[in-house]
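Student: Got a predicted structure plus its sequence, pasted below:
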Amino acid sequence: MQIQPQLEQALQSLQPDYLEILNESSKHGGYFPGKESHFKVTIVSESFAGLRQVQRHQKIYALVGELLAPEKIHALAIHAYLPSEWQGTRPDSPDCAHAPKG
């Protein structure tokens, strides 16, 4: 099974109001078609009520931990919001120094 659907399935337990998972692997060195190594998750959920950002990230890591392995996800950017905090946008990812040129 591909990694992105596994990531999405794991995060469904947070009952997100909004969930966006972007495969950003093509923006990183060593990319080849179909590679799934770098992801950005934007998630909006009441499950984050009363949690600081680091605690929100820890909650997500606990759910997707088995996917964070060298042969699976190398990097996971997380943008976790409460519905009251969500403004409909998330920050862009920085450029990777080893991104393919051209």
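Tutor: The structure has been received and is ready for your questions. Numbering: from 1, shown residues only.
Student: Tell me the pLDDT of the residue nearest the centre of the chain.
Tutor: The residue lying closest to the centre of the chain (Cα atoms, centre = their mean) is Val41, at 2.7 Å. With respect to pLDDT, Val41 scores 95.
Student: export the top helix by length along the chain as PDB, just CAs?
Tutor: Identified as the longest helix of the chain according to DSSP state H is helix 53-64. Taking Å, rounded to 0.1, in the frame of the first residue of the first chain, the C-alpha atoms of helix 53-64 are listed here in PDB:
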ATOM      1  CA  GLN A  53       1.700  23.100  19.100                       C
ATOM      2  CA  VAL A  54       4.300  20.700  20.300                       C
ATOM      3  CA  GLN A  55       1.600  18.600  22.000                       C
ATOM      4  CA  ARG A  56      -0.400  18.600  18.800                       C
ATOM      5  CA  HIS A  57       2.600  17.400  16.900                       C
ATOM      6  CA  GLN A  58       3.200  14.700  19.500                       C
ATOM      7  CA  LYS A  59      -0.400  13.500  19.100                       C
ATOM      8  CA  ILE A  60       0.100  13.200  15.400                       C
ATOM      9  CA  TYR A  61       3.500  11.400  15.700                       C
ATOM     10  CA  ALA A  62       1.900   8.900  18.000                       C
ATOM     11  CA  LEU A  63      -0.700   8.100  15.300                       C
ATOM     12  CA  VAL A  64       1.800   7.900  12.400                       C
END
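Student: Compute the inter-axis angle for the helix or strand that comes right after that helix and helix 53-64.
Tutor: Using DSSP states H and E, the helix or strand that follows helix 53-64 towards the C-terminus is strand 75-81. Per axes from the mean of the first three to the mean of the last three Cα atoms, to 10 degrees, the angle that strand 75-81 makes with helix 53-64 is 120 degrees.
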